[in-house]
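**Q** Sequence plus predicted model, see below.
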Amino acid sequence: MTHTCVFFHAHPDDEALLTAGTMARLATEGHRVVLVLATAGEGGLAAPEHLARGLGGLRRAEARASARLLGCARVVFLGYGDSGHGSPPPEGSFAAADADEAAGRLADLLAGERAAVLTVYDPAGGYGHPDHVQVHRVGYRAARLAGTPVVLEATVDRDLLLRGIRWASWIHRLPPGFDRDAFHRAYAPRAQITHRVRVGQHWAAKRASMAAHVSQAGGGDSVRTLAALRRLPAPVFRQVLGTEWYIQRGLPPGTRLHHPLAAFNDGGNRA
């Protein structure tokens with residue numbers, strides 16, 4: 001049986017980093033994959049040549065290219081502004097939007113698609129970006145309105161992330177201003193994670209999705225995450241990014257699942 005799976009993200013390139021392998025896996029298995037983006041990411045960092053071209057339009061095109069590479073059937077932009085990192089968020093931005101109104105927009109899409117699964121972020125929005133936190137709020141409200149049966153919170157295994165940072169600090173000097181302590185509050189501890197989705201066979205699609213976001217390879221004062229990950233040798237890339245993590249609230253403690261559609265009794269889902 002096939003299902004429609006909606007992946008809800010804040011900005012173009014978020015899908016490449018957090019859920020691209022899962023999206024490619026589901027599309028390969030014959031499921032309908034829909035990418036929904038709250039904003040066009042026009043408030044993000046980028047090199048001057050990309051900013052001069054109009055970052056919002058460029059990032060929309062990059063998102064569509066990424067979606068094609070992952071096998072998505074549809075890409076939808078909700079049309080909100082990128083909030084950036086300022087406080088308070090600007091008028092018209094997603095973080096400043098009325099959560100019920102935004103949820104209504106998303107719920108209409110979920111109902112029209114008869115979505116079986118919606119992905120959002122963990123309550124902290126991963127690393128705390130206000131648009132990511134709003135994705136969590138809006139997504140859960142929309143799922144209730146539409147009757148979408150499963151909501152998965154895309155996250156990262158914090159225990160593994162902290163171990164990786166320690167390892168990296170032994171091998172290389174961390175960039176100036178790198179706040180290692182901030183990662184103790186980011187994403188989710190391993191004990192909360194219910195789904196460990198194996199996507200190593202789809203590493204090439206995930207890497208291609210990252211490469212599609214050309215504007216996000218530079219800009220700012222430090223090495224960008226996308227650029228650093230894309231420089232990894234293929235075997236290392238597959239090893240480091242071969243798993244994607246999700247939380248499904250309400251499952252018994254210690255649940256370990258290996259497929260995003262485990263709730264629908266697909267084969268090979270449990271550890």
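**A** Yep, that arrived.
**Q** From now on I want contacts and neighbour counts done on CA atoms only, so please keep to that.
**A** Fine.
**Q** how about Val75, what does it touch?
**A** For Val75, the contacting residues are 34-37, 64, 67, by C-alpha atoms under 8 Å, 6 or more residues apart in numbering.
**Q** So which of the residues you listed sit within helices?
**A** Of the positions in the contacts of Val75, 64, 67 sit in helices, assigned by DSSP state H.
**Q** Which PyMOL command selects the buried ones in the contacts of Val75?
**A** A single PyMOL command suffices to select whichever of the contacts of Val75 are buried according to 16 or more other C-alpha atoms under 10 Å:
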select buried, resi 34+35+36+37+64+67
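**Q** Include pLDDT when you put the contacts of Val75 into a markdown table, please.
**A** Output for the contacts of Val75, formatted as a markdown table (pLDDT from 0 to 100):
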| residue | pLDDT |
| --- | --- |
| Val34 | 98 |
| Leu35 | 99 |
| Val36 | 98 |
| Leu37 | 98 |
| Arg64 | 98 |
| Ala67 | 98 |
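**Q** wouldn't Arg238 be in contact with Gly200 here?
**A** Yes - between Arg238 and Gly200 there is a contact at 5.5 Å, judged by C-alpha atoms under 8 Å.
**Q** Quickly name whichever of the contacts of Val75 is closest to His132.
**A** Checking those against His132 by C-alpha to C-alpha gives Leu37 as the nearest, at 10.9 Å.
**Q** all helices of the protein, in order?
**A** Secondary structure of the chain (DSSP H): helices located at 14-18, 20-28, 48-52, 55-70, 99-113, 125-128, 130-146, 158-171, 203-212, 225-230, 234-240.
**Q** now, of those helices, which is deepest in the fold?
**A** When you average the neighbours per residue for each of those (mean count of other C-alpha atoms under 10 Å), helix 20-28 leads with a mean of 25.
**Q** What average pLDDT does that one get?
**A** If you average the pLDDT over helix 20-28, you get 98.
**Q** ditto for stretch 155-175
**A** Per-residue pLDDT over stretch 155-175 has a mean of 76.
**Q** Can you add distance to Pro253 and give the helices of the chain back as a markdown table?
**A** Compiled in a markdown table, these are given as follows (distance: least, C-alpha to C-alpha, whole Å):
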| stretch | distance to Pro253 |
| --- | --- |
| helix 14-18 | 23 |
| helix 20-28 | 23 |
| helix 48-52 | 46 |
| helix 55-70 | 32 |
| helix 99-113 | 28 |
| helix 125-128 | 21 |
| helix 130-146 | 21 |
| helix 158-171 | 17 |
| helix 203-212 | 30 |
| helix 225-230 | 32 |
| helix 234-240 | 26 |
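**Q** low-scoring pLDDT stretches of the chain, where are they?
**A** Along the chain, the parts satisfying pLDDT under 70 run over 48, 50, 52-53, 167-182, 219-223, 265-271.
**Q** please redo it, this time with the cut-off set to 80
**A** Counting by pLDDT under 80, the chain has low-confidence residues at 45-53, 85-87, 164-184, 217-224, 263-271.
**Q** tell me the contacts of Gln201?
**A** Here Gln201 is in contact with Gly242 (C-alpha under 8 Å, 6+ apart).
**Q** Arg231: neighbouring residues, count only.
**A** Residue neighbour count, defined by other C-alpha atoms under 10 Å, stands at 10 for Arg231.
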